[in-house]
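Peer 1: missing the sequence, but the structure's below:
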């Protein structure tokens, strides 16, 4: 009867192969197809609308993909917005994560008419990536963290961030200055004491308090100090009412 049974010694020889097979299968499947997770972050400032500012892309496969464009499908597939044309293309390597920064825009048009995003629209957003030969849908989620049960007993503080052209300011800020210098647009902030901070490298460090009453008076004070002679152009914005 023993000729009908597989020799025990031969069985021992194939055990390593049986153990390695699931791992080999898993690694092989990692090289087939595409799977990208996308997490989106929204933001805005004083001179641009609420929009997608960053997309965190993570390649879940063991293969490199080349991304030529990033799209957002809004309101559960009702609208499509091109977020970024990648020139040069984004090279997303195996199991790599990258942050794609999305340039802000002034406004959107739909059939020639101004279109504004609302909270319900942006909550149903899906990211699509245009590759060389096809377009793939990402597993998309917003940056929303669920509080762990261990932390739920604490009172949650809300982090409010106000920024103007990327410069974060608090309740002491009153005005913002944008100006052109050396082919770049720069931004500075004026607080309630007239002190100028931010992207600023001029000897004028503080404005007279008498000039702080209005945006026009700030502009006039800067002109009287010959600030306009040292820059290509400048403009003053009101961040809050001065009192």
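Peer 2: Ah, there it is. All of these numbers come straight from a predicted model, not from anything done at the bench.

Peer 1: Just confirm residue 228 contacts residue 222, I think it does.
Peer 2: Yes - the criterion here is C-beta atoms under 8 Å, and residue 228 meets it with residue 222 at 6.9 Å. In this view, the C-beta of every residue, glycine as well, is placed from N, C-alpha and C.

Peer 1: who touches both of these two?
Peer 2: residue 234 (C-beta atoms under 8 Å, 6 or more residues apart in numbering).

Peer 1: These two - which one has more neighbours?
Peer 2: residue 222 (22 against 14; other C-beta atoms under 10 Å).

Peer 1: Buried residues in the strand ranked longest in the chain, which are they?
Peer 2: With secondary structure taken from DSSP state E, the chain has its longest strand at strand 79-92. Neighbour-count burial for strand 79-92 flags 79, 81, 83, 84, 90, 92 (criterion: 16 or more other C-beta atoms under 10 Å).

Peer 1: ditto for stretch 226-237
Peer 2: Buried, per 16+ other C-beta under 10 Å, within stretch 226-237: 227, 234, 236, 237.

Peer 1: What is whichever strand or helix holds the last one packed up against?
Peer 2: To tie it back to what came earlier, the one meant is residue 237. Assigned by DSSP states H and E, residue 237 falls within strand 233-238. On a contact count with 3 or more C-beta pairs under 8 Å, 6 or more residues apart in numbering; DSSP states H and E, strand 233-238 meets strand 173-181, helix 215-224.

Peer 1: and it with strand 173-181, angle?
Peer 2: 170 degrees (axes from the mean of the first three to the mean of the last three C-alpha atoms, to 10 degrees).

Peer 1: So for strand 233-238, mean pLDDT?
Peer 2: Averaging pLDDT along strand 233-238 gives 94.

Peer 1: Can we start the residue count at 53 from this point?
Peer 2: Happy to do that; since the first residue is 53 now, the last one works out to strand 285-290.

Peer 1: Residues touching it, excluding its own?
Peer 2: 98-99, 216, 226-232, 267, 270-271, 274, 279-280.

Peer 1: just stretch 237-247 next, same as before
Peer 2: Taking C-beta under 8 Å, 6+ apart as the rule, stretch 237-247 contacts 216-219, 221, 224-232, 248-252, 257-261, 263-264, 270, 291, 294.

Peer 1: Can you flag the buried ones in these?
Peer 2: Buried, going by 16+ other C-beta under 10 Å: 216-217, 219, 221, 225-231, 248, 250-251, 259, 263-264, 270, 291, out of the contacts of stretch 237-247.

Peer 1: any idea whether the residue nearest in space to the middle of the chain is helix, strand or coil?
Peer 2: Centroid check for the chain by C-alpha atoms, centre = their mean gives residue 106 as the closest residue, at 1.3 Å. Assigned by DSSP: H, G, I helix; E, B strand; the rest coil, the conformation of residue 106 is strand.
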